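*Asks:* model this:
(one chain, ligands or ions: 1)
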Amino acid sequence: MVLMIICVCNALNCKSVRAAVEAGANSPKAVQAHHGCRFQCGKCRPSIGEMIAETANDRGPSPSLVAAE
Ligand code: FES
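*Replies:* Numbering: from 1, shown residues only. Next up, the predicted model:
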């Protein structure tokens with residue numbers, strides 16, 4: 001299995017980012033905090049944000065966003 005490095009500064013790969021998101025991290029900062037890290041250069045913010053959005057899309061719409069009938 002090939003793991004893509006998402007955050008070079010803190011050596012976070014795609015698996016570790018996904019684990020943080022599945023544990024409830026809902027922002028790039030929360031993903032870093034989940035692993036006891038802080039942003040250094042911040043270049044990974046967009047990538048982490050995309051992974052959070054992809055996970056949210058996989059889960060489907062939030063119950064609060066479902067249209068009432
Ligand atoms: S790549 Fe993540 S803080 Fe630099």
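*Asks:* Quickly find the element holding the residue nearest the centre of the chain.
*Replies:* In the chain, the centroid-proximal residue (CA atoms, centre = their mean) is I52; its distance is 4.0 Å. Per DSSP states H and E, I52 falls inside helix 45-59.
*Asks:* Quick one: mean pLDDT over that helix.
*Replies:* Averaging pLDDT along helix 45-59 gives 91.
*Asks:* in that helix, what's buried?
*Replies:* R45, S47, I48, M51, I52 (16 or more other CB atoms under 10 Å). Where you see a C-beta, it was placed from the backbone N, CA and C, and this is true even at glycine.
*Asks:* Who are the contact partners of the second one?
*Replies:* With contact set as CB atoms under 8 Å, 6 or more residues apart in numbering, S47 has these partners: I6.
*Asks:* near the ligand, which residues of the protein show up?
*Replies:* The chain comes close to the ligand at residues C7, V8, C9, N10, F39, Q40, C41, G42, K43, C44, as judged by CB under 6 Å from any ligand atom.
*Asks:* what does stretch 12-32 contact?
*Replies:* By CB under 8 Å, 6+ apart, the residues outside stretch 12-32 that reach it are 3-7, 10, 33-35, 37-39, 44-45, 48-49, 51-52, 55.
*Asks:* Check the offset of that stretch from the chain's centre.
*Replies:* 4 Å (CA atoms, centre = their mean, to the nearest Å).
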